[in-house]
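Participant: Here is my input; please provide its structure:
(2 chains)
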Protein chains: 2
Amino acid sequence: MDVMPCDKGTVETLPDLLSGVSLPAAVVLEAPLAHNLAWMQRFAAEHGARLAPHGKTTMTPALFRRQLEAGAWGITLATAPQSRAAFVHGVERLLMANQLVGEANMAIVADLIEAGADFYCVVDSAANVRQLGRYFAARELRLQVLIELGVGGGRCGCRDHDQVMALGELVDAEPALVLAGLEGYEGVVHGADPAAGIRAYAWQLVEVAQALDHDGLIEAREPLITASGSAWYDLIAEVFHEARLGDHFIPVLRPGCYVVHDHGVYRQAQRDVLRRRPDLERGLEPALEVFAQVQSLPEPGLAIVALGKRDIGCDQLPEPLRRYREGGSPERPLSVAGWEVTRLMDQHAFVRLPEAVEPGAGDVRVGDIVAFGTSHPCLTFDKWRRICLADDRLAVTEEMVTCF
Amino acid sequence: MDVMPCDKGTVETLPDLLSGVSLPAAVVLEAPLAHNLAWMQRFAAEHGARLAPHGKTTMTPALFRRQLEAGAWGITLATAPQSRAAFVHGVERLLMANQLVGEANMAIVADLIEAGADFYCVVDSAANVRQLGRYFAARELRLQVLIELGVGGGRCGCRDHDQVMALGELVDAEPALVLAGLEGYEGVVHGADPAAGIRAYAWQLVEVAQALDHDGLIEAREPLITASGSAWYDLIAEVFHEARLGDHFIPVLRPGCYVVHDHGVYRQAQRDVLRRRPDLERGLEPALEVFAQVQSLPEPGLAIVALGKRDIGCDQLPEPLRRYREGGSPERPLSVAGWEVTRLMDQHAFVRLPEAVEPGAGDVRVGDIVAFGTSHPCLTFDKWRRICLADDRLAVTEEMVTCF
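Facilitator: Residues are numbered from 1 along each chain as shown, chains lettered A, B, ... in the order given. Here you go, the predicted model:
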C-alpha cells in the first residue's frame, strides 16, 4: 500500500457521494456556488464597489480562483500565514483586515511583498505603527497600511476621529509605511437598532476617510475605504455608494460567508438583507453540506450518525436536509421530516427520529447517507483538508484542497 | 519565494516560542508530556490492563510513537481514515472503537488488513454484521470485530445481554468475521451516582464477555474486553482487575486526553480520580497550550488577542496562563492575574484586563505573548497541521505533524 497523505477523507477516483466516497465528507454544490459567486459580484458592481471576499471563511484556493475569475478585486485574509497561503496559490492582491503583530508574521509579509504581492494590513495603535515602521525599514520595504476605525465596546480599531488622525500623523512619520486608506468592521456594532448604528458607523468611516485625505495623510494614489462582513454588507455598500466615494476612494466590500452561505445565522441575515432591499432578486443559497452515514440504530427513535464536532461547525446543531440509500439514486432523496440532531460529540451525532420504531425496523437503515447543513461555514471548512465539489447528481467533479 | 505548503504556522528553523515562531501556535510542553505518558502507562500496568490510547485526541503520529514506546499495546481510533493515517505512520495494532459503515470506509480497512494491520472494529447491529460479512467475504479477508454493549439512553451499542448474545450468533455465522471480544464506553452512562452506574456497567461488560466466551462465540485466541475514556478509566480498570479478566481476556483501556490533559473538564475529572484513588501519586499535568499575541489595546481594560475558534478548543473560554515579552526571557513570565477571556470569535479573543488603564499605558503591550490553556484537547489539536513540541525554555524541539 502506498503511503497516504494525512487526510481524513481522500477521494481517489472522484466517484459520486452515494458510493465510493469515504464519509463523512464536506461538500460544496456547484449550482448554488455559481449562483452566489455571481450574485455578490453583481451586488458589489451595482453599488460601485470592489469585492475582496474574506478568504478566511474557506481558505480554499480553488474557491479564491473562482472568486477572482468572477471579478473580485482581491482576497481578504485574517493572518499572515493565511495571506501567504493565498499568495502562493495565485492571489496577488491581499487585504489582511487585521493588525500585523509579531516579527515572525512580519517576516512572512515582507517575503510576500518582496515576491510581488500587493499587500495591505491594518493598524490601530502607535505601538504597532512603530513596530512595523522599524521592521519594514530594516527590510528596506514599504508596507501599505489602513487605519482601523472601531467602535466603543467593539473589537480592534481607533475609537474616534481624533485617534485616527493622530495615528495618521504617526504613519506619515514612518518612511517604511504607506497610508493607503481606512478600514472598519461593522459586525461588532451593537445597540437597539443595529441597522441605524451600522449606517451611522458607515457614514463615520466616510467622514474620517475624507478627513485623512483632506489633511494629505493618505499617500496611496488609489486609497481604499473598506468594511463589511457577511451580514450587513448591504448597508455599508449603500452608504459608500451614496457618499460617491468611488470618485476618489476605492470602496471595498469584504463578505466571506456569502460564497457558500449557510443554514443558520447567515440565512437569517440574508432574509434581513432581502427585507431591507426588496429590489434584490433571489438571494444567496446554501451550498455547503456535510454528508455522513447512519452508523447505529440502537433503540427506538434514535439514530447515531458518524458526524461530529470534528466534521461540522456547531454554532448551532446541524440540520438534517435529505437522506439517500448508500449506492442509491441522487434523484429521489428519502425523507428526514422530523429528524432532529439533539447532541453532537467529537465524532457522533445523536438524531431523534420522529417515529419511535424498533431498532432496525422502519424506513431508516444503518448505512443511510444524510446531508446536513449548519452554521456558520467558517467552522465547517476548517475541519477539512479537502472539500468535495459536487454537481446536482452528486458526482464529485473536483477535490478542493484547503489551506488552514 | 518557494511555494509553501498549506499551513498556518510553519516553523522553519525551530526557534523559540518568544521569537521567530509565527503565532498563534499550538504547543505541547515536553516535561508534562513525558510525565503523562509514563503515568498512564504505569496506571494500566498496575491494573493488569493494556493501554490503547485513543488517538483521535491528537492524530499526531509523533505522539502515537511516544505512546507505543512507553508501552502502549496499540492505538485506538474513531474512523477508517484515522486508522489509515495511524497505520501508514507505523501503528500496526489499531482498535477502531466505532462501527465501520460505508463501502468506501470498508475498502480503507480492507487495504489495511491486506497490508498487515492487526485491526479491530465494533459492531452493534445485524444490518452492519451482514454488510461487513458480505464485503470482507468478497475481499477474501477476515475482519476482527468486538460487539459493543451500550447503555439505555446512551450512544451506540446493544442495549442488553440478550442482544449481545444474539449478535454474537450472527457474527459466528459470517465466515469473514472473527468475534474478538466485547467493547463498551462508559462516558455515556448517566444517573444520580455516575460512579456507581459506571461500576455496574463495567461489571455488566465482564459478565457479558464471559457469557460470550462460555457459549463459544468468541473465536479470537486472545479475546479483548475494552472500555474507558479519559474521565472514568480508574473505575473500569478496577473492575476489570477485580474480575481477574487478565487470566483469559486482554483488558484494554482507551483514554485519549490524558496524554496532554487539559485546563477544564479533564482537570476536574482527574481531581475526581485522585479523590477516589488517594493512592495514586501526582496526577496528570496539562501539557497543551496555545501561544498568541496581543494585537490591540483599543480601550481601557480591553486587550484583543490574535487567537480565535480557528486556533483553540472552546468547550470553555480559554484561560490565560502566563505572559511574556516578544523576544524576552522564558524564565520570568509576566502576570496575567485577573485576565479573563470574555468572548471568542473566529480569529480574535476579547480579554478583560483587571485594571482599566488607558490604551497603551500600563504593563501590557501590543505584541505581548500570552499562553492559553483550554478544554478539551481534541478540539484544539484538530485546528492545527503542526504542533510545536517545546522544552522548559520554550525552545521548539520538534514540529509534530497532525493527520486530521
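
Participant: CA atoms for contacts and neighbours, from now on please.
Facilitator: OK.

Participant: And for A:E331, the neighbour number?
Facilitator: Using other C-alpha atoms under 10 Å in any protein chain shown, the number of residues around A:E331 comes to 10.

Participant: Counting neighbours, what do you get for the residue nearest to A:F381 when sequence neighbours are not counted?
Facilitator: Sequence neighbours aside, A:T58 is the residue nearest to A:F381 in space, at 5.6 Å (criterion: C-alpha to C-alpha, 6 or more residues apart in numbering or on different chains). Using other C-alpha under 10 Å, A:T58 is surrounded by 26 other residues.

Participant: next one: the one 4 residues further on
Facilitator: By other C-alpha under 10 Å, the residues close to A:A62 number 17.

Participant: Just to be sure, it is in a helix?
Facilitator: Yes: residue state for A:A62 (DSSP: H, G, I helix; E, B strand; the rest coil) corresponds to a helix.

Participant: burial of the nearest residue in space to it that is not next to it in sequence, as a residue count?
Facilitator: Among residues not flanking A:A62 along the chain, A:M400 sits closest, at 6.0 Å (C-alpha to C-alpha, 6+ apart). The number of residues packed near A:M400 is 18, by other C-alpha under 10 Å.

Participant: rewinding a little: how far away is the residue nearest to A:F381 from A:G154?
Facilitator: Taking C-alpha to C-alpha, to the nearest Å as the measure, A:T58 and A:G154 are separated by 25 Å.

Participant: Please apply the same query to A:Q347.
Facilitator: Summarising the geometry, the distance separating A:Q347 from A:G154, computed by C-alpha to C-alpha, is 35 Å.

Participant: isn't the residue nearest to A:A62 right next to A:W384, touching?
Facilitator: No: no contact is recorded between A:M400 and A:W384 when judged using C-alpha atoms under 8 Å, the distance being 9.9 Å.

Participant: max-length strand in chain A?
Facilitator: Within chain A, and with DSSP state E defining each element, the longest strand by residue count is strand A:288-299.

Participant: For that strand, which strands pair with it and how are they oriented?
Facilitator: Using DSSP bridges, the strands paired with strand A:288-299 are strand A:25-29 (antiparallel), strand A:302-305 (antiparallel), strand A:369-373 (antiparallel).

Participant: What is the neighbour count of A:G338?
Facilitator: Other residues within reach of A:G338, judged by other C-alpha under 10 Å, total 12.

Participant: how about it, secondary structure?
Facilitator: When classified by three-state DSSP, A:G338 comes out as coil.

Participant: Need the pLDDT of it.
Facilitator: The predicted local confidence for A:G338 comes out at a pLDDT of 93.

Participant: If you drop the residues flanking it in sequence, what lies closest to it?
Facilitator: Residue nearest to A:G338 in three dimensions, not counting chain neighbours: A:P354, with 5.0 Å by C-alpha to C-alpha, 6+ apart.

Participant: who's in contact with that neighbour?
Facilitator: Taking C-alpha atoms under 8 Å, 6 or more residues apart in numbering or on different chains as the contact definition, A:P354 lies against A:G301, A:A337, A:G338, A:W339.

Participant: switch to 10 Å and redo it
Facilitator: When the contact criterion is C-alpha atoms under 10 Å, 6 or more residues apart in numbering or on different chains, the partners of A:P354 are A:P300, A:G301, A:L302, A:V336, A:A337, A:G338, A:W339, A:E340.

Participant: Next: A:W232.
Facilitator: The contact partners of A:W232, taken as C-alpha under 10 Å, 6+ apart, are A:Y185, A:E186, A:G187, A:P194, A:A195, A:I198, A:R199, A:P255, A:A269, A:Q270, A:D272, A:V273.

Participant: let's go with 6 Å and repeat that
Facilitator: Residues in contact with A:W232 (C-alpha atoms under 6 Å, 6 or more residues apart in numbering or on different chains): none are found.

Participant: Quickly note the distance from the spatially closest residue to A:V259 that is not a sequence neighbour to chain B.
Facilitator: Nearest residue to A:V259, sequence neighbours excluded (C-alpha to C-alpha, 6+ apart): A:N36, at 5.5 Å. Going from A:N36 to chain B by C-alpha to the nearest C-alpha, to the nearest Å gives 22 Å.
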